[in-house]
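Participant: I would like to see how this sequence folds:
(2 chains)
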Amino acid sequence: MDTVIDAHNISKVYNPETIPVYAVNNVHLHLKKGEFTALVGPSGSGKTTLLNLIGGLDKPDEGNILINGIDITKLSANDLIDFRLHNIGFVFQSFNLIPVLTAKENVEFIMQLQRINKKQRDERIKQLFKEIDLEDKLNERPSKLSGGQQQRVAVARALASKPKFILADEPTANLDSKSASNLLDIMDKLNREENITFLFSTHDQRVIDRARRVITLVDGRIVSDTAEVSTKHEDADMKH
Amino acid sequence: MWMIQMAWKNMWRNRSRTIITMSAIFFAVILSILASSLQDGIFKNLVKNVVSFYTGYVQVHKQGYWNEQILDNSFQSSVYSEKKILVNKYVAGLTARLESFALASSGEITKGCLVVGIDPEKENIITLLKDKVVKGSYLKDNDRAVLLSEGLAERLKLGVNDTLILIGQGYHGATAAGKYLIKGILKFGSPDLNEKALFMPLPIAQDFYGAYGRVTSYVLALNNSGEMQSTATDVGKALGSSFEVMTWEQMIPDIKQHIESDSNSMKNIQGILYMLICFGIFGTLLMMMVERKFEMGMLVAIGMKKKWLIILLLFESVFTVLAGCIFGIIVCIPLVYYLNRNPLKMGGETSKAYEEFGFEPIFPTSIDAANFINQGLIVLVIGLLLSLYPIYKILRLDPVKAMKR
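Facilitator: Presented below is the predicted three-dimensional model:
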């Protein structure tokens, strides 16, 4: 499988000159195309900071992050915005749809930024809303949608730009169990059927149970990674 | 196009706030236009009054006459010179005058007076002299008679149909003397003119002073007073350096100074209005930036370049300011037009004082489009300048910090 995310020795330190706090401490992370990965850990363990670094929203104090072979730590702020637009899809905890736009317009907005023509946009919107099962809510404003529906629209928006991967920061935190389950079904389906790469932070055990790889962070360090365990098991099986 | 649509939708996301901001701009534009057109109208009316008193908008003299107003500085009137003036598209007409001083006498009473030789019909077009006749009748071209100002007539104890003796020094030192019938009495608002002016047909004045064919000034009527300065310059160029062409501003600079000092006071009032507009718009921008900080962070995070975000906010600001301005201007047009047709009237002693000076005691508004356009543009520029604040905030926006709850 192709490597999508390749992070080497990345660290992020707050208050470096007074009382240094390592939000992310010497983390190595490799994510391949089609992975469905949960980033777990207690509050303050550095999950969101790590997602911000991988998403190019923040810069590490040490280390490099390669996305599809491009070192995003070397990009200027303006180039990073453009890079995010074309390569990374974001799903936030509190949905963050644009309140004045309809569900359709929220998804279309990203493609308008990408200057995709109207015909292609319409086709993509049709396809995405079918996937998130909200074809009847195209023209509703976010305020008229439930939390779960809003988050599904947010997933559609993240997918609209055909990104290399999707980063989701606690996507089910503000959802009830049924909505969370629906959302996970959609994300899981997109991952299995369309090979879309997901990396999401979560506290939610139901989400962790659905993940095919779980990375645990404590105090900014990776303390466990099920992919490594699997790889070791695979290596052991090979020796036998 | 989608940016414009989005800006329009954003503008109405907080309907009350947008309406309050637009209302602030709307009322400020109305006040500002009213103040400006009232000021302009009052000044134009003042100038019209002053100019129609005596000087006209522009006068042509022989070079050096204004500094030494004697008959020897008169010039030969010619159709050729008049044609050179009348060819200017802003000159609606001209009238010639021969002005000098003489001693007026009646019985044992004598008084120095200003003798003005005029073309009665043309003079009336420019200075409305006929309207100032309070007794008797107006002059005709071939009358060997004079119109006497009220103060001078009282001093000489003369009335209509009485005879007046004039003695003076004519052109090139010749003796000037004559006896004239008083055809009418004039009342001027200006005490100066009312005490000493005397009018007679131009040929009679030329004969009296022995200045045949000569005049001291051409008084020009303009069809566009806004082009006064350029007209004076063009006429000066056409006539050459042996003539001086002067505007009323040069001939009576104290009136111009008065207008300028009043203009400055009005500018201070308008400055306060603009400050109110500034606070109104800036308050909205501050609230908007705080309210939408998270959303702006999110937009940059998902890939919206800051320049597009800036353009989006500029559209929002321009739409809000423009809407307030346009509504303000639309409401102001009939209001200003009405106040132009039905000017505010002064009352009491002020009104009497104005009338005494021959001024109309009214405050008309000017319907000059420039007053509307300028005020609208000033408010628009204020809005755009204040938009620099959100631009600055966007340029410094860090999406991670902006999205922290």
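Participant: ok, now which ones touch the residue of the stretch 251-400 of chain B at minimum distance from chain A?
Facilitator: Nearest to chain A, among the residues of the stretch 251-400 of chain B, is residue B:303, at 2.6 Å (Cβ to the nearest Cβ). For the C-beta atoms, the positions are set from N, CA and C on the backbone; glycine is no exception. Counting by Cβ atoms under 8 Å, 6 or more residues apart in numbering or on different chains, residue B:303 makes contact with A:81, A:82, A:84, A:85, A:86, A:110, A:113, A:114, A:161.
Participant: so what does residue A:67 look like in phi/psi?
Facilitator: Backbone torsions for residue A:67, taken as degrees, to the nearest 10, come to phi -110, psi 120.
Participant: tally of neighbours for it?
Facilitator: 23 (other Cβ atoms under 10 Å in any protein chain shown).
Participant: any idea what it is bridged to?
Facilitator: Counting by DSSP bridges, residue A:67 is bridged to residue A:5, residue A:70.
Participant: against residue A:4, how distant is it?
Facilitator: Look at residue A:67 and residue A:4: by Cβ to Cβ, to the nearest Å, they are 7 Å apart.
Participant: go on, residue A:116?
Facilitator: 22 Å.
Participant: who has more neighbours out of these two?
Facilitator: Each of residue A:116 and residue A:4 has its neighbours counted (other Cβ under 10 Å); residue A:4 has more, 22 against 17.
Participant: ok, that one - contacts?
Facilitator: Residue A:4 makes contact with A:31, A:32, A:33, A:35, A:67, A:68, A:164, A:165, A:197, according to Cβ under 8 Å, 6+ apart.
Participant: so what does the helix or strand hosting residue B:151 touch, helix or strand wise?
Facilitator: In this assignment (DSSP states H and E), residue B:151 forms part of helix B:150-156. Under the contact definition 3 or more Cβ pairs under 8 Å, 6 or more residues apart in numbering or on different chains; DSSP states H and E, helix B:150-156 sits against strand B:91-106, strand B:109-118, strand B:175-186, helix B:191-196.
Participant: lowest average confidence across the ones you listed, which one?
Facilitator: Of all these, mean pLDDT reaches its minimum on helix B:191-196 (a mean of 83).
Participant: just the CA trace of that one, in PDB.
Facilitator: Extracted in PDB, the C-alpha atoms of helix B:191-196 (Å, rounded to 0.1, in the frame of the first residue of the first chain):
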ATOM      1  CA  PRO B 191     -26.000 101.400   2.300                       C
ATOM      2  CA  ASP B 192     -23.000 102.300   0.300                       C
ATOM      3  CA  LEU B 193     -24.800 102.200  -3.000                       C
ATOM      4  CA  ASN B 194     -28.000 103.600  -1.500                       C
ATOM      5  CA  GLU B 195     -26.200 106.800  -0.400                       C
ATOM      6  CA  LYS B 196     -24.300 107.600  -3.600                       C
END
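Participant: residues touching that helix, excluding its own?
Facilitator: Contacts of helix B:191-196 (Cβ under 8 Å, 6+ apart): B:53-54, B:111-114, B:149-152, B:155, B:186-188.
Participant: hmm, back to that, between the contacts of residue B:303, which sits nearest chain B?
Facilitator: Checking those one by one against chain B (Cβ to the nearest Cβ), the nearest turns out to be residue A:85, at 2.6 Å.
Participant: my guess is that closest one contacts residue A:158. True?
Facilitator: No - Residue A:85 is beyond contact range of residue A:158, at 11.6 Å (criterion: Cβ atoms under 8 Å).
Participant: who has more neighbours out of the two?
Facilitator: residue A:158 (25 against 18).
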